[in-house]
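Asker: just to be clear, the model below is a prediction. Sequence and coordinates:
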Amino acid sequence: MLLALQGIIYAQTDCINGMAGMYPCNGINLLSHIPMADMGGGNGNDIWGWTSPVSGKEYVLMGRTNGTAFIDISDPLNPVYVGNLPSHSGSSTWRDIKVHKDHAFIVSEAADHGMQIFDLTQLDAVNTPPVTFTETNHFEDTGIGGMVGGTHNIVINEDSEFAYLVGSDLCGGGLVVVDIRDPMLPRYVGCYSTSGYTHDAQCVNYTGPDADYTGTEICFNSNGSIGFVIVDVTDKNDMQLIASSQYTGRRYAHQGWLTPDHQYFLMNDELDESQNGHNTRTHLWDVRDLDVPVYIGYFESTEAAIDHNLYINGDYAYQSNYRAGLRIIDVNGVATGNLEEVAYFDTYPASNSANFSGTWSNYPYFESGVIAISNIGEGLFLVKMQDCINLQLSAAIEGTYDVGTGQMLNGLSGRGLLPGQTPVSAIVAPTPAGQPYSAAPWNYSGTEGSDWTDSDYPNNVVDWLLISFRTDTEKTSEVGRTAALLLQDGSIDFPARCPLNVGVADSVYIVIEHRNHMGIMSPEAIPIVGGMLTYDFTASDSYRGGAGFGQKELSDGTWVMFAGDGDQSDMPSFDITGSDKTIWFDNNGQFDQYKAADYNLNGDVNGADKAYWFNNNGISSRVPK
C-alpha cells in the first residue's frame, strides 16, 4: 500500500499504450506524484538532487515560490516530504538550487535574498517529518561595495569548487564568482560583466578537443537576447571572452548543456516558439574550436511547447518543455544535427501549446535511474524510463512471399510508395509520412515514422505492421502496442525504443495486424525469458478461435498471413468478406499507390489482388478485436 503522510500521493502507474493513467507518455513510467499543497505550497520552479554518502538515500530538492522542499525518494513509490527551508526574504517565481560538498546553495530573485547555504546531512536525522529548517549559512556581501540581492540562477563547477551567480543585482547581471571550497566561509573572488546579462550557464574544467584551452575553466553562457557566449574564467581576476555567437531566429538564449565529451552544446531559446510560431527547437552548437563555435542547426519537436531547461546524462538530453513535459532525446547524432526523441512523459495533459505552464525543470542524475520533474502548478513527479524487453519476432504475409527464394518482395519500397518515401514515378503524389495505423479502426497514436523520408527506411522493408501484446486472448488485456517494419526475410524491426517493458507480464499473447491481411495471434502466451520475447509465426500455424483459421501454409512449409482483408472495420474478429471485395472494386485500376486494396503489395490494384480475395473469401481468424 502507498504511504501517504501528507495528502494524496499517487503510486506507480506504468506507461501502457501511450498513457500512464491520465498522463500521455512513451517509454516512461510514473512512479509517484506529490502535489504542491503537500510539500509546502506555492508554485514549483527549479529542482536538483542529492544522495547521502552516509545512508545512501536519494533526496529531491525542489524550489517553490516561497521556499525549498526536501523529499526523501529512497523509496520512489512512497516519497516522504522531509521538510521546508523558507525563503530568506519574500516569495518569487524564480528560485534556483545547486549542490556541492553535501550543501545546497539556493538563490532567488526575491529582493535581498542573497545565497542560502544549507547543510544537507541534516536530512538523514529527521525522524518525524515534515520539519521547518533554518539556513546553515548565508552569503550576500561581496565586499566590493555591493550586496548580492535578487539572483536569477546559480551555477556550480564542482571540480573547481566555484559558484557562479548569474542574473543578479551586481556585475551587470553577469558572472559573480564565489569560492565555496568551505561552505561556511564563502568568498567573493571575481566578476565578469563584459558580455552583459547572463541568464544561465554551465562552467566546467575543460576536457574537450581544443588544445588551446587544455587545463582551463570555461563557462558556456546563455545570455538572453545577446546569444551564446563562451568565457575563459580560469583567472578570476582577468576572465576573458573567447567567443560570442548568434543564430537565425534568436529570441532569448535561455539555457544549455554540453555533451560529456565537451564537443557540442545543446541550447534552448525560451521565446522563439511563441514569437516565431514554430514547434519546440533545440539549438545545436559545434564547440570543438572554442574560438569559432559553429551553429549546426536545430532539432525540431513534433510539439509546439516552449522549451525551458535541459540536462545531458550519457547519450540522452532530458528536456523540460513546459506544457509538453519531459522529453528525452538521443544525442548521438548531434554532429550531423540528427537527434531523435526516444521517450516522453507529459505532466500537463491539457495542452502542448506554447505557454508558460507545465514542467519547469528536471534532475536526471540519480544512480537509481529515477528522474525528478518539477511542475509549476502540479508539484513533483517521479518517473523512470522503462526497461525494455528484447523482441525477436518473425512473420510473413501472403502475396509477397516467394517460395523459391524464401524471401518476401519489397514492391512498395522499391517504387517509393511507403509513407514518407519519394515515389519513383513523377506523376503520383507521395504517401504522407507516419505509420499507417493512426486512423480507425486501429486508432493507434504512436509517432513511429512521423518524420521519415527515403533515407530513414532500411532497403529491405516490405510494409508496416501493428503489433500488440496481451496477457490473455481478449483485447481488453492489451499491455503494449507498437508499429513495426516487416523486412523481406520475415524479421520485424521496431522503430520505437520500448514497445514492451520489463515487468509488465511473465508471458504474453502476440498479435500482428496488417492493413490488408487477416490479423493473427500466437496460439498461446509466449514466455518472456531473460528479458527476451522470441516467436516465429512463419514456423507454425497461429491462433484458431473455434472454427477459425489461423494462417495459410505454403508449399515450402512457411506459414503466412491471409491476404484480402482490406476492410478492417468488421467485428468482433478479423474476417475476409464481401466488403473486402468492395474495397478492391472501388480501387481497381489504380497504380503506384499505397492502397488497402493492393493485396499483394506491389503498388498496383488489379485482377491479381482480386484473386487473393476470391481464394480467401469467407475465412475468419476469430482473434478478438
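Answerer: Alright, I've got the coordinates. This structure is a prediction, so every number in the text was calculated from the model and none was measured.
Asker: how about low-confidence regions in this protein?
Answerer: 1-11, 145 (pLDDT under 70).
Asker: quickly list the domain ranges of it.
Answerer: Listed domain ranges for the chain are 194-345, 390-624 (source: automatic domain parsing).
Asker: could you dump those domains into CSV with distance to Ala372 and mean neighbour count added?
Answerer: C-beta here means a position set from N, CA and C on the backbone, and glycine is covered the same way. Below are the domains of the chain laid out as CSV (distance: least, CB to CB, whole Å; neighbours: other CB atoms under 10 Å):
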stretch, distance to Ala372, mean neighbour count
domain 194-345, 10, 19
domain 390-624, 20, 18
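Asker: turn these into a markdown table, columns for distance to Ala20.
Answerer: A markdown table is the format used below for the domains of the chain (distance: least, CB to CB, whole Å):
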| stretch | distance to Ala20 |
| --- | --- |
| domain 194-345 | 7 |
| domain 390-624 | 11 |
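Asker: wait, which of those domains is closest to Met19?
Answerer: domain 390-624 (9.2 Å; CB to CB).
Asker: and the closest one, end to end?
Answerer: Taking CA to CA, to the nearest Å, domain 390-624 runs 26 Å from one end to the other.
Asker: again with stretch 474-482
Answerer: End to end - CA to CA - stretch 474-482 spans 17 Å.
Asker: what's it in contact with?
Answerer: 16-17, 444, 446, 448, 466-471, 494, 496, 499-501, 504-505, 508, 624-625 (CB atoms under 8 Å, 6 or more residues apart in numbering).
Asker: distance of Trp243 from Ile218?
Answerer: Not quite, residue 243 is Ala, not Trp. With distances taken as CB to CB, to the nearest Å, Ala243 is found 10 Å from Ile218.
Asker: quick one: the strands in the stretch 501-625 of the chain?
Answerer: 507-514, 517-521, 526-527, 532-536, 552-553, 559-560, 573-575, 620-624 (DSSP state E, counting those that start in this stretch).
Asker: give me the angle between the fourth one and strand 507-514.
Answerer: Put simply, strand 532-536 runs at 50 degrees to strand 507-514, going by axes from the mean of the first three to the mean of the last three CA atoms, to 10 degrees.
Asker: starting at the chain centroid, how far to strand 532-536?
Answerer: 27 Å (CA atoms, centre = their mean, to the nearest Å).
Asker: just checking, what packs against it?
Answerer: strand 390-394, strand 507-514, strand 526-527 (3 or more CB pairs under 8 Å, 6 or more residues apart in numbering; DSSP states H and E).
Asker: please apply the same query to the third one.
Answerer: If contacts are counted by 3+ CB pairs under 8 Å, 6+ apart, strand 526-527 sits against strand 507-514, strand 532-536.
Asker: over to the second one?
Answerer: When contacts are defined as 3+ CB pairs under 8 Å, 6+ apart, strand 517-521 packs onto strand 507-514, strand 573-575, strand 620-624.
Asker: paired strands for the last one, with orientation please.
Answerer: The sheet places strand 620-624 alongside strand 573-575 (antiparallel), with pairing taken from DSSP bridges.
Asker: export stretch 515-530 as CSV, just CAs?
Answerer: Output of stretch 515-530 as CSV, limited to C-alpha atoms (Å, rounded to 0.1, in the frame of the first residue of the first chain):
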residue,chain,number,x,y,z
ARG,A,515,-3.7,-3.1,-43.1
ASN,A,516,-4.9,-5.6,-45.7
HIS,A,517,-4.1,-9.1,-44.3
MET,A,518,-6.0,-11.0,-41.7
GLY,A,519,-4.7,-10.4,-38.2
ILE,A,520,-3.1,-13.3,-36.3
MET,A,521,-2.3,-14.1,-32.7
SER,A,522,0.1,-16.6,-31.1
PRO,A,523,-1.7,-19.8,-30.2
GLU,A,524,-0.6,-19.5,-26.6
ALA,A,525,1.0,-17.0,-24.2
ILE,A,526,4.7,-16.8,-25.1
PRO,A,527,7.0,-16.7,-22.1
ILE,A,528,9.4,-13.8,-21.6
VAL,A,529,12.8,-15.3,-20.7
GLY,A,530,15.8,-13.4,-19.6
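Asker: touching stretch 546-559 from outside, list them.
Answerer: 396, 398, 401, 403, 406, 518, 520, 523, 537-544, 560-562, 573, 616, 619-623.
Asker: residues shared between the contacts of Ala243 and Ile218?
Answerer: Ile230, Leu290.
Asker: still on that earlier bit, tell me which of the helices and strands packed on strand 526-527 sits nearest to Asp169.
Answerer: Using CB to CB, the nearest of the helices and strands packed on strand 526-527 to Asp169 is strand 532-536, at 58.5 Å.
Asker: contacting residues around that closest one?
Answerer: 389-395, 490, 500, 508, 510, 522, 526.
Asker: if we use 10 Å, what do you get?
Answerer: 389-396, 469, 490-491, 499-500, 505, 507-508, 510, 512, 522, 524, 526-528, 542, 559 (CB atoms under 10 Å, 6 or more residues apart in numbering).
Asker: okay, the angle between it and strand 390-394?
Answerer: Using the same axes, to 10 degrees: strand 532-536 against strand 390-394 is 0 degrees.
Asker: export strand 532-536 as PDB, just CAs?
Answerer: Output of strand 532-536 as PDB, limited to C-alpha atoms (Å, rounded to 0.1, in the frame of the first residue of the first chain):
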ATOM      1  CA  MET A 532      13.700 -11.500 -24.300                       C
ATOM      2  CA  LEU A 533      10.500 -12.400 -26.200                       C
ATOM      3  CA  THR A 534      11.000 -14.700 -29.100                       C
ATOM      4  CA  TYR A 535       8.500 -16.100 -31.600                       C
ATOM      5  CA  ASP A 536       8.400 -17.100 -35.200                       C
END
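Asker: Ser413 sits in which helix or strand?
Answerer: helix 411-414 (DSSP states H and E).
Asker: what of Ser450?
Answerer: Using DSSP H and E, no helix or strand contains Ser450.
Asker: what's near enough to touch the closest residue to it other than its chain neighbours?
Answerer: Among residues not flanking Ser450 along the chain, Gly434 sits closest, at 4.6 Å (CB to CB, 6 or more residues apart in numbering). Counting by CB under 10 Å, 6+ apart, Gly434 makes contact with Pro419, Gly420, Gly446, Thr447, Glu448, Gly449, Ser450, Asp451, Trp452, Trp464, Ala483.
Asker: can you tell me how far Tyr348 is from Ser320?
Answerer: Taking CB to CB, one finds Tyr348 at 11 Å from Ser320.
Asker: common neighbours of the two, please.
Answerer: Ala305, Gly358, Thr359, Asn375.
Asker: the second one reaches Asp346, doesn't it?
Answerer: This points to Gly358. Yes: counting by CB atoms under 10 Å, Asp346 is a contact partner of Gly358 at 8.2 Å.
Asker: need the residues touching each of those two.
Answerer: Common neighbours of Gly358 and Asp346 (CB under 10 Å, 6+ apart) are Ala305, Asn321, Arg323, Ala324, Gly325, Leu326, Asn352.
Asker: any idea which element the last one lies in?
Answerer: Taking DSSP H and E as the definition, Asn352 sits outside all helices and strands.
Asker: can I assume it is in contact with Asp307?
Answerer: No: applying CB under 10 Å as the test, Asn352 and Asp307 come out as separate, 11.8 Å apart.
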